[in-house]
Every structure is written in C-alpha cells, then in structure tokens.
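Peer 1: Predicted coordinates and the sequence they were generated for:
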Amino acid sequence: MTTIASNGMHSSEIRNRFLKFFEKRGHAFVPSASLVTTTEAGAMDATLFNTAGMQPFVPYLLGEPHPMGMRLVNVQKCLRTIDLGEVGDNTHNTFFEMMGNWSLGDYFKKDAITWSYEFLTSKEEGLGLDVSRLYVTVFDGNEKVERDNESVGIWKSLGIPEHRIYYKSSKSNWWSAGLNSPAGPSTEMFYDITGNLGDLTPEEFEKYEDTQKIVEIWNDVFMSYKLVNGEIVGELPQKNIDTGAGLERITTMVQGKRSVYETDLFLPIIRKIEELSGLSYGDKSDDEYIKDGDNCWVDTRKNIRIVADHVRTAVFIIADGVTPSNTGRGYILRRIIRRAVRYSDLIKLTHGSLLSLAEIIIEEYKNIYPELSKNMDIIKKEIEGEENKFRHNLEKGLKEFEKGVEPFVLFTSYGFPIELTEELAREKGIKINREDFDKKLKEHQSLSKTSSAGMFKGGLANHNEETIRLHTVHHLLLAGLQAIVSPDIKQRGSNITEERLRMDFICDHKLTDEEKKNVEDWVNDKIKQNLNVVRREMLLSEAEKIGAQMEFGTKYPEVVSVYSIEDEDGNAISKEFCGGPHVNNTAELCCSSREESRDQRCFKIQKEEAVAQGTRRIKAILE
C-alpha cells in the first residue's frame, strides 16, 4: 500500500480561504454554474461544457449588469477533454475547479495583481507560499495592444525582481472564450515545485515550464476588448478582471506534492483503487522509477491516475444531468466512462469497482456540491449501465481490433469510441483513417434521423386540440407515477401527437399491473376533479424552491414558465417547468363534456416497456 501522506493545508480550507479573502474585499459569492453550458452553443462559441471559469460570466463581461454587483467571487466546475491524452501526468485533469474573482467595470490591474500576490503569499489570510519560488509573466504586446509595462511596474512595487518577470506573446498571455467573445492580455504566476531552481534566464524558464518543474498557479486576465471572428473590433464598455486559479494545482503547491494526484483531492480515490486492485501507487517520483529502470511502475501509476480522474469526471457530469449517448455531451461522457473501464482492466480492478470509486467521490464532495448526493442513485445507475454495456462487447471488440476490423464497425457493433480505437492503434504503431470514419459516421447519422427532429418544443408534434389535451394529461401522468410508484421518478423525454402521448422516465423496475392500474385510476380521478391549469412566470431559483418538476438533463433560462394543476384554493398536484400550451381545466380532458360521460375512464395506459437500463417508456391515450 502507498505511504503518501497529506501535509499542509487541506483543499477545503484553500477553497474557503479564497472565498473569505475576496468576500472581505467586497466580493459577493456566486455558486458554481452547471458544468453544462446554458445552451448547446455555449455563451459565445460552440462548447458543450464550461471549459473555463469565465464562460458563465460572458454576458456580464460584455456589459450586462450582474444582479449581485460588480465584485464577485466563485469556484466554478470546469471540464476539458482536449488534453485527454495528457491525463495521468502530474498536472492534467478532465474535471477541475477554477477559483475566480471578478471585477465587472470596478477595479482593474493594480488591485487585481496586488490581491493575487497577497492571497498567494500571506500566511494569515492566504496560502503562505514562498515568494522566492514565484515567477511572473506579462503580455509582450502585438500590433493592436501595447506591451503591458503597467503590470510590470505593479509587480516590481510588490517586490518581484525584474529578472523574475518574463514577457510572453499572445500565445501564452492572451485570453478569450472563443473567436467571438470578450478578451484581453493576462499576467500569470508560476511556482517552482522543486524548491531549488532560483533565478532563471528566459530560456531556462521555458525549459522548466515544459518539464513541469515550474507550474502556472494563477492567471489575471484584463478583459477589456471584444473579439469578432477572432479579430479585435474595439474595447468593451467596461474594463473587467477575470481571475483563474485552478484549485487542483494550487493544492499541489500548498501541500508540497509532486502531482495533483497525491493531494487530498485524489488520495481517497487512489487508496480505494489500491485496496480493490492490490496494487501500490508507489512513493518515489516518476523520474526516480525511470532512473531505476522500473518503467512498468510508471505505467501502473498513470493507469491508476486515469481511472481516478475519469470516474471523478463522470460523477460530476452525470450529476449535472448528462447521460451516455452517441452524440454531444453524452458522447463525451460515454467516452470517459469507457476509457475508465479499459484502464481499470489494466490495473486489475474487478467489474463493478467503478461504483465503489464513485461512492468515495460523492462522499468527499457532498457538502460542497449537494447535487452529487441528491443524484447518487442516478450517478451509480448510469455508470453501472454504461460499464455493463461496454463490457458486453469489450472482449469481442478487442479481438476484432486485433484482426484489423475497421474502426467504424468497432464503433457501431462493439461500442468502441473512435478515440479509444485510435489510442489502441497508437500503442501498436497503427495509423487510423479518421477521415474515412467521419464520412461513414455522417452517412450513418443521416440515415438514422427520425421524425422527432420535427417536433415542437416540449416534444409536441403540433398544437392542435387533441395534442394539447394529451400534453396536459402528460403532466398528470408524471405526477401520478411519482404519487403511486416512486417520488424519485424523473422524466427523461416525451413525444406527443394527436393520437397518443409517450413518456420516457427513470425507474428501476418494470411496473406491475397493479401499479399501472393505480396510476390510471389516480389520473382519471384528478381529471374528474375539474382542476385548474395555471401558468406562471418566475425566476428559475424560485421555481426550484417550490419543487417544480423539470426534465432530467434539461437546462433552463433564468426566467421560466411553470404550469400548475391545482384546485380552487391553489393546492397543486402537479408543478412542471413547461412552455405550454395546455387546456384551462382538467374537465376538458374527457372526450365529451356531456355530464353522462363524467363517470367514464378517459385516460388509459396502452403500453409500458424498457427503452434502456433504468429508463422505462409509457404510451397512453385519452379515450
């Protein structure tokens, strides 16, 4: 077993100190936004997840007033997979937390740099890092923005010697959220993780940064320009500060570790992997093992790190409403889980071990991110289901890969993400024709398009009278399932035509005949009570507080429409986020408004079936 010890300040204390430091300086705390961007296109450019702390703040950096003021502080959940092949080294993770303080047209360079320095070096309020191990970079300028001599002067006034300040090009010291976004030059802080490098020439600085003996720990971006198609078109209406300080890297420095994986953020996961696999993470550095000729140990350690990283990432992605699929966000999740499965095999973890790791992660983060424990059953169900699906074909797929079967067949028949096939191919020195794969995939997706692409918002085929009636009874069905079967049932999707409704929902078992009959009776009883259907607009936070139901995985704007089905006194039996349209009263749901039909059964479940592991589907009609 490993003897890695955690010393220094705990990561939770670092997070708390950061927030308190800036709250004391007039910053309002803003909770982390979801990993998932608010729209499929992200705030400015096409991103599926928030890849940087600034993304949720883009509208406010562009000038829109933030409801909590001009000074803000947060710790934002972020996800990047562009460096997936680097995960397992000392610094790279897919999921990470970015600590940030924000000035929206308030303070600028002097306060931002001063407070960055104070937090990093103050023993009383900050992290107490050794000033003699600190290095700084600033923007060297270009044809449109001048060299940042102002920041150099501020750093020198704080005691940083000029030979520890390095000018960098826009490749390193210019930040934006894409080709169309706010942007600006930056000053970055680096830390010597060896403790003995001392003064460095620019060439030596580059060398040690490349070998990760010097690591970036803080980034102050002076957001004052606007980009359109990658070109500066002018200045923003206000000068902003966007600070980024990665919690994982900061924790590595504060705890005096060689790698982020040796901090308390990963130690509980790694110790569980050791327990389950019987392998040891080891005590020496990678360089020491390589020097001793023990490359196998380095490979084992990297595999352990990859599994720990990927399971942690999967837990956070699922908690924010994403489920595995072959497109978009779901594909990224699928790729990460399946990569974790493959590397877990290499370190001899048994089938199902990933769930044990997920439980450790949820336990470690539950007080900071309550959505993890709230969605624990869903998280475990999705990880288990995806592992089972992949393992069913993994061994066969690996054999087919050895035979030289083309990547598209491995993808469609055995569930191998193309990136996994490319990774296997690189290990054997084989080159994959990615262009051919992409062409075949595009043709396959074109053939697989269904009529659902033409659906109205909310899954409605049209807005005629019969479809609207079925839309309202769809709300009653969800409420009935939660009342009769389980309050944990969540909607996963819908498809409503003038002939029938179809609802997909999360449920861990096939409904019994008795459950189906009781749900039918419950819905028909509510129809006969002549309940009102009322639409209200409210803030998203208010809708969540009153318990309005939302479709699992769907992201909503700040102001939402909520439909309630309620009696004359306002007692609601159903509250859902919904854009409508609906009937005005449940009396309209019976096929006839004549009094003699009031005792007839209007709602009927035609079919209930499984569509995926943990997901059921009901088709129902109004007679």
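Peer 2: Yes, it's here. Numbers count the residues shown, from 1 in each chain.
Peer 1: Tell me where the stretch 1-150 of the chain is predicted with low confidence.
Peer 2: 1-7, 39-46 (pLDDT under 70).
Peer 1: Name all residues that make contact with the spatially closest residue to A33 that is not a sequence neighbour.
Peer 2: Nearest non-adjacent residue to A33, counting by Cβ to Cβ, 6 or more residues apart in numbering: P56, 4.0 Å away. Every residue, glycine included, has its C-beta placed from N, CA and C. By Cβ atoms under 8 Å, 6 or more residues apart in numbering, P56 lies in contact with 33, 38, 43, 50, 76.
Peer 1: so of those, which ones are in strands?
Peer 2: Using DSSP state E, Q76 are the members of these that sit in strands.
Peer 1: Going through the contacts of P56, which ones are buried?
Peer 2: 33, 38, 43, 50, 76 (16 or more other Cβ atoms under 10 Å).
Peer 1: Using a markdown table, lay out the residues you listed together with distance to L354.
Peer 2: Shown next, in a markdown table, are the buried ones among the contacts of P56 (distance: Cβ to Cβ, whole Å):
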| residue | distance to L354 |
| --- | --- |
| A33 | 27 |
| T38 | 30 |
| A43 | 32 |
| N50 | 24 |
| Q76 | 26 |
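Peer 1: wait, which of the contacts of P56 is closest to K428?
Peer 2: Set against K428, the nearest of those by Cβ to Cβ is N50 (35.8 Å).
Peer 1: what's the pLDDT at I165?
Peer 2: Each residue has a pLDDT score; the one for I165 is 97.
Peer 1: no no, K239
Peer 2: According to the prediction, K239 has pLDDT 94.
Peer 1: isn't it right next to K110, touching?
Peer 2: No. In this structure, K239 is not within contact of K110 by Cβ atoms under 8 Å, at 11.8 Å.
Peer 1: Give me the more crowded residue out of those two.
Peer 2: Ranked by neighbour count (other Cβ atoms under 10 Å), K239 and K110 place K239 first, with 18 against 13.
Peer 1: Reduced to three states, what does that one come out as?
Peer 2: When classified by DSSP: H, G, I helix; E, B strand; the rest coil, K239 comes out as strand.
Peer 1: what's the nearest residue to it if we skip its chain neighbours?
Peer 2: With Cβ to Cβ, 6+ apart, the residue lying closest to K239 is S224, at 4.5 Å.
Peer 1: What is the longest helix of this structure by residue count?
Peer 2: As assigned by DSSP state H, the longest helix anywhere in the chain is helix 376-402.
Peer 1: From the chain's centroid, how far away is it?
Peer 2: Once both centres are worked out by Cα atoms, centre = their mean, to the nearest Å, helix 376-402 turns out to sit 21 Å from its chain's centre.
Peer 1: avg pLDDT for it?
Peer 2: 89.
Peer 1: In terms of secondary structure, what does that helix contact?
Peer 2: When contacts are defined as 3 or more Cβ pairs under 8 Å, 6 or more residues apart in numbering; DSSP states H and E, helix 376-402 packs onto helix 295-319, helix 328-346, helix 353-365, helix 407-414, helix 418-427.
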